[in-house]
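Participant: Sequence first, then the predicted structure, then my questions.
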Amino acid sequence: MQKMKVATIYSPYDVRIEEVEKPEVGPRDFLVKLRSVALCGSDLPYYKGTLLGITYPLPPGEPGHECAGEVVKVAEDLPDELLQIVEQCSGVPVHKIKEIMEGDRVYVEVHNAYAEYAKVPVIGETRHGFAPRIFELPESISFDEGTFLGLLASTIHCIKLAEIKLGDDVAIFGLGPTGLLMTQLARIQGADNIIGVDLMKERLKLGEELGASEVVNASDEDPFEKVRELTHGKGVDVAIEAVGQVSETINQAIKSTKKGGNVVSFGVYSKPIDNFDIHEYYSRQLTLKASLGNTPHELILAEELLISGRVKLKPLITHRLPFHKIGKGLEIFDKKLEGAVKVIIQC
Ligand SMILES: [Zn+2]
């Protein structure tokens, strides 16, 4: 039996590289040699043990899910009727799956991608309840950039929910990878003032470079006061929370939004939080929406934005580490060391 390397999270903060059997694939599975795996904010609760109801060790390779690689084996039994179902579940159009050939470069969504190889069943469910996805990458996009396809689609989903109109003022709380993508998308959408809020000066600088009109360092200034000043006392039309887990940022987003405005919660909340400011939300008749995942159309839109170069990804990739240093990568990403924004593991 051929072996491959995987990373297994044995207990919180304990990541080990080990060898397991290379996945066996059936006639309805693709096998992909992974080349780049991006660490995602939603991986961190698994790494840190803050998610309710999970047991350790995690299954090998979990929870890696943002990845890109080369197809080494194509699923051969793909009748049209099956592909219609696949399109409905995963959102990848039938022709896109049929076109995939051995050697093609693909974006892949699975749930165990801290590994050298990933089996991608065309029908199934990932740990997060989504269908697995395989999607050919445009020629001009590197494996590292290709790992962003699903994330970009998810931020497009959030921006759509935000209903930003031409000339709107927008505040984005959290300039991590998703906040920086949404800064660019809000600009494309025609926002006027885009106010980026973060605690890290490296991220604030990136925010300015990628389209924010103003940035607020929340460790020096009260974001709410600053947003009020920048919007002549009115507050923003739309606020996006892209931090998650804590009450401060969602409360600041709510407080900074003008009466009747939209607040979209994008950051991950894996358990209930205390001190949610329902009074501010209620009294100013805000609309609060949660954004999770993306739709088929948004995946295609993400591909188009990557091809056109209108959304910039390269500045977001601050760290690239070899596979055996994935534990170090998770530490850098978790503690935001060395100005980390997006950390890519190269297999
Ligand atoms: Zn993710």
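Facilitator: Here it is on my side, so go on.

Participant: Could you find the closest non-adjacent residue to the residue of the chain found nearest the ion?
Facilitator: Residue nearest to the ion within the chain: residue 40 (3.0 Å; CB to the ion). C-betas here are computed from N, CA, C, even on glycine. Among residues not flanking residue 40 along the chain, residue 66 sits closest, at 5.2 Å (CB to CB, 6 or more residues apart in numbering).

Participant: again with residue 23
Facilitator: Nearest one to residue 23, counting by CB to CB, 6+ apart, is residue 119 at 3.8 Å.

Participant: Check for me that the one you found belongs to a strand.
Facilitator: Yes - secondary structure of residue 119 (DSSP: H, G, I helix; E, B strand; the rest coil): part of a strand.

Participant: got any ranges where this structure has weak pLDDT?
Facilitator: Counting by pLDDT under 70, the chain has low-confidence residues at 125-131.

Participant: So which residue is dead centre in this protein?
Facilitator: Note on the chain: the residue nearest the mean C-alpha position is residue 151, at 3.5 Å, using CA atoms, centre = their mean.

Participant: which element follows the helix or strand that contains that one toward the C-terminus?
Facilitator: If you go by DSSP states H and E, residue 151 is part of helix 149-162. Later in the chain than helix 149-162, the nearest helix or strand by DSSP H and E is strand 170-173.

Participant: outside of that following strand, which residues touch it?
Facilitator: 162, 164, 179, 182-183, 186, 191, 193-197, 207, 212, 223, 227, 236-243, 249-250, 252-253, 256-257 (CB atoms under 8 Å, 6 or more residues apart in numbering).

Participant: One more pass at 7 Å, please.
Facilitator: Strand 170-173 is contacted from outside by 164, 179, 182-183, 186, 191, 194-197, 227, 236-243, 249, 252-253, 256, using CB atoms under 7 Å, 6 or more residues apart in numbering.

Participant: Let's see which of the residues you listed end up in strands.
Facilitator: The strands, defined by DSSP state E, take in 194-197, 236-241 from the contacts of strand 170-173.

Participant: And those residues, which of them are buried?
Facilitator: 194-197, 236-241 (16 or more other CB atoms under 10 Å).

Participant: Compile those into a markdown table and extend it with columns for distance to the ion.
Facilitator: Below are those laid out as a markdown table (distance: CB to the ion, whole Å):
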| residue | distance to the ion |
| --- | --- |
| 194 | 23 |
| 195 | 25 |
| 196 | 21 |
| 197 | 22 |
| 236 | 26 |
| 237 | 28 |
| 238 | 23 |
| 239 | 22 |
| 240 | 17 |
| 241 | 17 |
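
Participant: Are we agreed that residue 111 is in a strand?
Facilitator: No - Residue 111: not assigned to a strand; according to three-state DSSP it is coil.

Participant: Just give me the neighbour total for residue 275.
Facilitator: 10 (other CB atoms under 10 Å).
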